[in-house]
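*Asks:* This is a predicted model, with the sequence first.
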Amino acid sequence: MTVFSYFDHDADIGVIGRGRTLEESFEGAAAGTFAIMADLAQVRAARSVRIDFEEEDLELALVTWLNTLLAEAGTHGLVLGHFRLVRDNSHWQGEAWGEPWREDLDRGVEVKGATLTMLRVAQGPEGFEARCVVDV
């Protein structure tokens, strides 16, 4: 199950993804990021984008994942609402599903990108947490 929440930051928004696995926490961070822009329950999984990247550093991998998703969504005029990520050492492969923006889909606040501010990826007793501040 994808779980996300937010934390306070002066000018921007802090996003926290949580999951049983590292990948689920990244998926949660992606859902939290896109939920700032739209109600994910209203987003149809009509189109997909594939993400493929190399990154050994887990924290930088989170920022890469989020910024690549935002770039792909912006390039194709999509709102994304469903996410899957698989990791094999430093190789990451993901897929996200969504649809083109439609008139009846309320637009929230645009997220410009994920930042290195308050960036942290950690494992705790109840799973993984992936957090960063996103620029709005």
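*Replies:* Thanks, I have it. Numbers count the residues shown, from 1 in each chain.
*Asks:* Can you give me the neighbour number for residue 93?
*Replies:* 13 (other Cβ atoms under 10 Å). C-beta coordinates here come from the backbone N, C-alpha and C atoms, glycine included.
*Asks:* What's the biggest helix in this protein, counting residues?
*Replies:* helix 58-76 (DSSP state H).
*Asks:* Pull out the buried positions in that helix.
*Replies:* 58-59, 61-70, 72-73 (16 or more other Cβ atoms under 10 Å).
*Asks:* likewise stretch 120-133?
*Replies:* Buried residues in stretch 120-133 (16+ other Cβ under 10 Å): 121, 128-133.
*Asks:* And residue 23, how close does it get to residue 74?
*Replies:* Residue 23 is 23 Å from residue 74, where distance means Cβ to Cβ, to the nearest Å.
*Asks:* Please work out which residues outside stretch 5-24 touch it.
*Replies:* Applying Cβ atoms under 8 Å, 6 or more residues apart in numbering, the external contacts of stretch 5-24 come out as 1-4, 25-33, 36, 58, 85-87, 109, 111, 114-115, 117-118, 121, 123, 126-136.
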